[in-house]
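In: fold the following, please.
(chains A and B)
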Number of protein chains: 2
Amino acid sequence: MAAPVWSVDPRTGKQREQVATEATAEEVDRAVRDAHAVRGALADRTVRAAFLRTAADLLDEAGEHVIEAADAETALGPGRLTGELARTTYQLRSFADTVDEGAFLDILIDHPDPDAGPVPRPDLRRYKVPLGVVAVYSASNFPLAFSVPGGDTASALAAGCPVVVKAHPDHPATSELCACLLRRAAARHGLPEAVVGLVHGFDAGLELVRHPLVAAAGFTGSVRGGRALFDAAAARPAPIPFHGELGSLNPVVVTEAAASERAERIGTGLAGSVTLGVGQFCVKPGLVLAPTGEAGDRLLKSLTEAVSDTAEGVLLDPRMREAFVAGVRARAALTGVQSPVTPGESGETAVSAGFLTVPAARLADGEDHDLLLEECFGPVTVVARYADEAEVSAVLGRLPGNLTATVHLGAQEAAQSEGPAARLLAELIPLAGRVLVNGWPTGVAVAPAQHHGGPYPATTSASTSVGGTAIERWLRPVVFQSTPEALLPPELREDNPLRLPRRVDGRREN
Amino acid sequence: MAAPVWSVDPRTGKQREQVATEATAEEVDRAVRDAHAVRGALADRTVRAAFLRTAADLLDEAGEHVIEAADAETALGPGRLTGELARTTYQLRSFADTVDEGAFLDILIDHPDPDAGPVPRPDLRRYKVPLGVVAVYSASNFPLAFSVPGGDTASALAAGCPVVVKAHPDHPATSELCACLLRRAAARHGLPEAVVGLVHGFDAGLELVRHPLVAAAGFTGSVRGGRALFDAAAARPAPIPFHGELGSLNPVVVTEAAASERAERIGTGLAGSVTLGVGQFCVKPGLVLAPTGEAGDRLLKSLTEAVSDTAEGVLLDPRMREAFVAGVRARAALTGVQSPVTPGESGETAVSAGFLTVPAARLADGEDHDLLLEECFGPVTVVARYADEAEVSAVLGRLPGNLTATVHLGAQEAAQSEGPAARLLAELIPLAGRVLVNGWPTGVAVAPAQHHGGPYPATTSASTSVGGTAIERWLRPVVFQSTPEALLPPELREDNPLRLPRRVDGRREN
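Out: Presented below is the predicted three-dimensional model:
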C-alpha cells in the first residue's frame, strides 16, 4: 500500500485532507520517462515563451484559490503569499522574455580561417541545447516561488527542459493545484502535460535524482537534505549537475560609524529582516557583528524593542518548530551567550521571535561556539559584539559560504574608496554571492543581474537560482563543425534568420 | 624517504634521470597555501594578460629545449611536439586577449527601479570573480597543451586563479622545465612565483583535490583516474567543481551515399585520424558505423591499405602499451569480431596500428559486446557494419557521452534540411559536445566558439577545456547591491572607466 500524503494545517496540527499517495519507484520511473519522451515538444522557443506566460496568467486567475490553498497548509498568511504569487508569475514572465530574447543560447560563430591559430580553423558554430529532464525539489518556505511553479521550474522550462517536481510535504495540496495549472497552460499551447511531472514522498525524491534519464536537479532546502541528494547525484554511474541551495548564515557587519549615526534605524531594520515570514527566509541575517560600547548598545535596545513588538507566528511544520526551539536552546546554553529577548514556543503551535548576543571574541576563538556559525531556521539572530576591526576579521575568517553578506557603513566610510570600509568589503566578497551595503538581505529582487548563490554550503554550484542567468544551469554547449547550411539549426545559420544576439568572429551581432 | 620521480624514455624503457621526488602531504599543503596566499597578485587584469603573453614568449624562446625534453620522455616526435608547442603558446596568447577584452566578466547592471517586479528593484551590479586556487591534472598525451603550460593552466591564470599542477608521471622533466618558464614569466611582471605550483605523485594528486584551499580542479585523462578524483572532489566537506575530461568513443557514421561517393577518401581520412599521434588523442574516432555492401567494402579496403602503410609507433608508457594490447585482444575475441589489420605489439616497445570489424547488429543487440563501446587508447578503431538506418539508430542509442560525433554524408544528403541526414544529426547531438560533418575529430581548433566537452564520461561538467569559454570554469558571480560608487570595483562603476562590455538594464554597452 502506497503511503498517503496528507495536507496538514500547521496552525492546528490537524490533517486537512489526503492529497495523494507517495510515488513508488515505478511511478517515479513513469513520470521521468513520460517527461523524457515529450522533451522534443519544448524545442520551439516561441511556444515555450507562450506557455510560460499562460502559466503565469492561469496562476494569476486562480490567485485567490492558490493563496488560500497555500495559506491553509503553510500558515504564511495571505499577505506574504500574495506577494509570493506575484513574484512567481513575474518570474515566469521574465523567463518568457529571456526565451524570446535568446541571449541565453550564447551563440558563438567562428568562420573558417586558415591563419587563425596553429591549425587551420574550420567553421565552428556553437549554441546551447537543453540538458533533458530536470528534477526540481520544492522548498518548504516558498510554496510557490521556489516550488512547483517556482524559479527552478520556470528556468528549466525556459531552457527547454521538461521537469519532474518533487513536492514538499508541507504543501502537497498547493503543489497538486499548481501542477494542474501548469499542465493546463501546457495543453493550451498543444504541449503534452508530461512536460510537468509531480511526485510526492522522500523515497521518490531519491529515486528521482538517481534516475538515468534525469539530466540535472535543482534544490532549495536544508544542508542535510540537500547534501544527501547532492551525494546521490555525484555517485550515479553518470553524475549529473546538482544545483542546490543548502544553507546560509548571511552575516551582517555594522561598523562603529554606522551604529553611531543610526543605531535605531539599523536595530529596527534588522528586527524586520530577521522576523519577516517568521524568520523562514534563506537570506535571513543569522549573525550580526555589532560594536561594543554605547552606539552598539543603542542598536541592541532598538532591536530589543522591535523584536519584542513582533507578533508571534506559526512555523511551517511541527518538526521545524522543534528544531527551532532546540536550536535556540543549544545556542543559548553556550558560555557567554545571552538572550535579551528569548525566542521560543508560544502556545500550542506558535513561536515568538528573539535574539542572542555573544562576545565576538568567543566566535573567533575556537570551535566551542561553532554552533553559532550554523543557520538556525526561524525568527532568531545572533548579535556578536566586537571590540575592534581585528575581531571582525577573525570572525569573518571562520565563516562558511553564504548567499549574502551585508555591511552597514557610516556616511563618510561609504564615500571612501580606500580604508576600513573597502577592507571590510574585500573580506565579505569571498564569503557570499551577494554583497549589500546599508540594506537587508531579505526581499531578493527578481532581476537580470540578480545572483542568488554563494560558496558552499550556500549553494552546491557557482550558479544562481534567481535572476536571468538561472537558465544557464539547464543547458550545455554544442558546437557544429563544418556543417552544411541546410543541416544547421536556424539559430546558427549564416543569415541569422531569427535575428538572435550572436558573437561572430569576435564581434557582436544584434 | 620521499619516492623518487624518474624521467623515462619510452623508446627504450630506460630511466633517464631523477627529476624530483613525490610530494608529501606537507609539501602539497605548502604549495596550495603558497598559491592561496598570493592569489591577490593576479587581481590586475593587465598584469595577468602580460604574464600570459610573456609565458608564451618564453616557451617559444626555449622551444627547442622544451620539444627535446618532451620528446625524450613521450616519444611523440619533434613534428607533433612542435605543433603542440605552437598550440600551447597560441592558447596562452588567446587567453591574454580574452582577459584584455573582459567579456568573460559577464557584467550585468540593473539600475534601481521601483516598478520592475513585485518588489522595488535595488541597484544590482554583477560580475565574476576568480574561485581561488585551481588544481590542474596534466594529461599523459599532451605534455604541453594539456599539461603544465596547457589550457587549464592558461584559462585558470586568465581567470585570476593561481594553479597547482599535478605533473603526469610520463613527463616529469618537461613539467619541471615548463613550470620554471611560467614562474620566470610571472617574475618578469612582479608576480610571485607561487602563482604556479607543481607537485609530483599519485598520492599528491589526491591530497591536492582534497585540500580545503583548493577551489576547483581541471583534469584530462582516463575514466578510472578521473572518476576517482571527481569522487574525492564531491566527497569533500565543501565539494568543489571538478572539470574532468575522462573518455570518449567519438562515433563516426558514414552514410551509404557518402561511402558510394568517396569510399577511398573516407577510408584514408579515417586511417589518418585513428593513427595520428599513435592513436593517443582523446578525440580519436573509436567506433565507425559503415554500411555493408560494395561501397562499405571499398571503404574498408582503403582503410586496410592506409592502416597497413602506417608506421609503427611508441606509446607513452609501457602500462599503456599493455592496456592497448590487452584491450585489442579482448575486443578481437568477441563473437563476430574480425581484425582485417591486427593491431598490436611490434618489437620491444612499439605498436602497430589496425582495426576491428563487427556487424552493427551485435552492438545493438545486448551487453555481450559493450566492450566495443568503450574507448581503447591507441591506434585502433572498430568498424561496425550496418544494414540499414534502424541498425545505426540502435547502436547510437546505446552509446555513452562523447566529446565528438561525426557524420559523413553524400552531397545530396548534405543539402537537404529534412530527411535521413537531419534525422541522423538529431541523433548525434545528444551524444556529444561537438558535431562534425564530413570531417575528422582529431585536430581540435583553438577558437572562441570551440567546445571540447560532452555528456559523461566525455566530461564531468557541461563546460569546455578548449576555446574561449574555458575560462568560465574558474569564476563565480558576485552581485553588489546598493553599493556606493566609491566602494564598487572599477568594472562595475557607473561610468565604465575600463570600457568593458556590459549589459546595462538589458542593453549592451560596448
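
In: where does pLDDT dip in chain A?
Out: Counting by pLDDT under 70, chain A has low-confidence residues at A:1.

In: and the closest residue to chain B within the stretch 151-300 of chain A, what does it touch?
Out: Of the stretch 151-300 of chain A, the residue with the smallest distance to chain B, taken as CB to the nearest CB, is A:Ala234 at 3.7 Å. Bear in mind the C-beta positions are built from the backbone N, C-alpha and C, glycine included. Contacts here follow CB atoms under 8 Å, 6 or more residues apart in numbering or on different chains; on that basis A:Ala234 touches A:242, B:230-231, B:234-235, B:239.

In: wait, A:Pro118 sits on B:Thr82?
Out: No - in terms of CB atoms under 8 Å, A:Pro118 does not count as a neighbour of B:Thr82; the distance is 9.2 Å.

In: centre of the chain versus stretch A:176-195, how much separation?
Out: From the chain centre to the centre of stretch A:176-195 is a distance of 24 Å (CA atoms, centre = their mean, to the nearest Å).

In: returning to what we had before: just the buried residues of the contacts of A:Ala234.
Out: If you count burial by 16 or more other CB atoms under 10 Å in any protein chain shown, the buried members of these come out as A:242, B:230, B:234, B:239.

In: could you list the domains of chain A?
Out: A:20-103+A:128-246+A:462-474, A:251-437 (automatic domain parsing).

In: tell me which of these sits most buried.
Out: Across the domains of chain A, averaging neighbours per residue (mean count of other CB atoms under 10 Å in any protein chain shown) puts domain A:20-103+A:128-246+A:462-474 on top, at a mean of 22.

In: can you name the residue of the stretch 301-450 of chain A nearest chain B?
Out: Closest to chain B within the stretch 301-450 of chain A is A:Ala449: 3.7 Å, counting by CB to the nearest CB.

In: contacting residues around that residue?
Out: By CB under 8 Å, 6+ apart, the contact list for A:Ala449 reads A:467-468, B:108-110, B:124-126, B:479.

In: once you drop chain neighbours, what's closest to it?
Out: Distance criterion CB to CB, 6 or more residues apart in numbering or on different chains; nearest residue to A:Ala449, sequence neighbours excluded, is B:Leu108 at 3.7 Å.

In: tell me the buried residues in the host helix or strand of that neighbour?
Out: Using DSSP states H and E, B:Leu108 maps to strand B:107-110. For strand B:107-110, a neighbour-count test (16+ other CB under 10 Å) marks B:107-110 as buried.

In: for chain B, what are the nearby residues on the stretch 251-400 of chain A?
Out: Of all the residues in the stretch 251-400 of chain A, those in contact range of chain B (CB under 8 Å from any CB of the partner chain) are A:Pro400.

In: show me where the stretch 251-400 of chain A has strands.
Out: Remark: strands assigned in the stretch 251-400 of chain A by DSSP state E, counting those that start in this stretch are A:251-254, A:287-291, A:313-314, A:338-341, A:344-346, A:350-352, A:354-359, A:380-386.

In: now for A:Phe480: which residues touch it?
Out: Taking CB under 8 Å, 6+ apart as the definition of contact, the neighbours of A:Phe480 are A:124-126, A:488, A:492, B:434-437.
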